[in-house]
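1. Any chance you can model this:
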Amino acid sequence: MLFAGTLVFGVNLLDSFLQGLTVQQTNRLIWTPDVVGCVLFLVSGHLAFAEIGHRSRPCIRSRSLGWWVVAVNEFGSVLFMVSAVAAFTRPTAQSPVNADIANWGTLCGALCFALGGALQAFERP
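-> Next comes the predicted model:
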């Protein structure tokens, strides 16, 4: 799921370089892959929580470094989804719902992923 989400985000990135798109094209070619990638990241995080807890549903294991890696990454995925929702281009205004939230959500989500990667370096195999 995470890999598929990453591939979809790659499509989103490439499409974001296109110039002269209408609002509908922007939402279809850029926003839709962004949301699909976010959903795939959220599903991946849910599956990781289930795996780390050895259960069919997520649980809290705050003493486990692996659990913190998953939790920080899942929080980053939530921030990416908030960013994606805020980046929807309104047809009437021809502008994002909230560009500031979209930018901050993306930045903070990326920082969470970076922190999760740094924490993972200290995890024993």
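
2. count of neighbours near R124?
-> Neighbour count of R124, defined by other C-beta atoms under 10 Å: 5. All C-beta atoms are positioned from the backbone trio N, CA, C, and that covers glycine.

3. how far away is it from A118?
-> Distance of R124 to A118, given as C-beta to C-beta, to the nearest Å: 15 Å.

4. One more: I101?
-> 25 Å.

5. These two: which is more packed in?
-> More crowded of I101 and A118, by other C-beta under 10 Å: I101, with 16 against 11.

6. Show the contacting residues for that one.
-> V82, S83, A86 (C-beta atoms under 8 Å, 6 or more residues apart in numbering).

7. go on, L119?
-> L119 neighbours (C-beta under 8 Å, 6+ apart): L65, W68, V69, V72.

8. Pull up the per-residue confidence for V39.
-> If you check V39, the pLDDT there is 95.

9. now swap in P58 and tell me
-> pLDDT, P58: 65.

10. now swap in the one 5 residues further on and tell me
-> According to the per-residue confidence, R63 scores 85 in pLDDT.

11. Check A110 too.
-> Note for A110: predicted pLDDT of 95.

12. which SSE is it in?
-> Element membership for A110 (DSSP states H and E) is helix 99-120.

13. Give the buried residues for that helix.
-> I101, A102, G105, T106, C108, G109, C112, F113, L115, G116, L119 (16 or more other C-beta atoms under 10 Å).

14. show me what contacts the third one?
-> Read it as G105. L79, F80, V82, S83, A84, A86.

15. Now for the fifth one: which residues touch it?
-> If I follow you right, that is A84. Contact analysis of A84 by C-beta under 8 Å, 6+ apart lists W31, D34, V35, C38, A102, G105.

16. Nearest residue to it in space, ignoring adjacent ones along the chain?
-> D34 (4.5 Å; C-beta to C-beta, 6 or more residues apart in numbering).

17. Going by secondary structure, the one you found is in what exactly?
-> Per DSSP H and E: helix 32-53 holds D34.

18. What are the contacting residues of that helix?
-> Under C-beta under 8 Å, 6+ apart, the answer for helix 32-53 is 1-2, 4-6, 8-9, 11-12, 15, 56-59, 61, 64, 66-67, 70-71, 73-74, 77-78, 80-81, 84-85, 87.

19. Perfect, I'm done here.
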